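In: Generate coordinates for the sequence data below:
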Amino acid sequence: MVDIVDIQTRSRIMASIRGKNTKPEMLIRKGLHARGYRYRLHVENLPGKPDIVFPMYSAVIFINGCFWHGHDCHIFKAPKSNIDFWQDKISRNKERDAVDAEKLISMGWRVGVIWECSMTGKTKRNFDDLIRRIEDWLHSSDTHLILQGLSS
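Out: Residues are numbered from 1 along each chain as shown. Model prediction:
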């Protein structure tokens with residue numbers, strides 16, 4: 001399938017996609033803040049610069065876009081052009097995510113991953129339930145939390 005825009009336009013569009021303060025990230029932050037949780041954002045000296053850091057709970061949360069992190073869900077659609085580039089890019093992102101999570105765990109942090117599909121699309125979860133699941137995890141001793149969309 002041929003792209004509907006020229007190369008320069010596609011490049012500009014892809015370059016404009018933000019990595020911080022995304023809509024899903026802002027929703028989770030607002031939901032947790034409303035429940036009284038305080039946190040730090042994008043802590044640079046931690047592996048992967050987690051989106052949300054809870055020093056009090058030794059917990060970090062990454063809010064991952066399904067496309068950029070290659071999540072196996074209905075949101076992820078493999079690109080039909082420049083296939084080798086995108087396969088390599090997404091593969092490197094997945095490898096880096098795994099390495100960063102292991103480093104964080106070895107440093108004594110607990111790691112949570114909230115996938116975009118848990119908040120948008122046909123498999124999204126109830127938002128209050130999503131926040132409650134995060135809150136329960138913060139008060140648990142579980143090392144990992146993975147929240148993705150509901151099965152369809």
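
In: For this protein, just list every one of the helices.
Out: Along the chain, the stretches classed as helices by DSSP state H are 7-15, 23-34, 83-106, 127-138.

In: For those, give me JSON lines that also has mean pLDDT, mean neighbour count and distance to residue 47.
Out: Glycine gets a C-beta too; all of them are placed from N, C-alpha and C. Output for the helices of the chain, formatted as JSON lines (pLDDT from 0 to 100; neighbours: other C-beta atoms under 10 Å; distance: least, C-beta to C-beta, whole Å):
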{"stretch": "helix 7-15", "mean pLDDT": "64", "mean neighbour count": "10", "distance to residue 47": "25"}
{"stretch": "helix 23-34", "mean pLDDT": "95", "mean neighbour count": "16", "distance to residue 47": "18"}
{"stretch": "helix 83-106", "mean pLDDT": "95", "mean neighbour count": "14", "distance to residue 47": "4"}
{"stretch": "helix 127-138", "mean pLDDT": "97", "mean neighbour count": "16", "distance to residue 47": "20"}
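
In: between the ones you listed, which one is nearest to residue 120?
Out: helix 23-34 (7.1 Å; C-beta to C-beta).

In: okay, the angle between that closest one and helix 127-138?
Out: Put simply, helix 23-34 runs at 70 degrees to helix 127-138, going by axes from the mean of the first three to the mean of the last three C-alpha atoms, to 10 degrees.

In: which strands and helices sit next to helix 23-34?
Out: Judged by 3 or more C-beta pairs under 8 Å, 6 or more residues apart in numbering; DSSP states H and E, helix 23-34 is in contact with strand 52-54, strand 59-64, helix 127-138.

In: out of the ones you listed, nearest to residue 84?
Out: Closest to residue 84 of these, according to C-beta to C-beta: strand 59-64, at 22.7 Å.

In: partners of the closest one, with directions?
Out: Note on strand 59-64: by DSSP bridges, its sheet partners are strand 52-54 (antiparallel), strand 110-115 (parallel).

In: Adding distance to residue 32, write the helices and strands packed on helix 23-34 out as JSON lines.
Out: Output for these, formatted as JSON lines (distance: least, C-beta to C-beta, whole Å):
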{"stretch": "strand 52-54", "distance to residue 32": "7"}
{"stretch": "strand 59-64", "distance to residue 32": "9"}
{"stretch": "helix 127-138", "distance to residue 32": "6"}
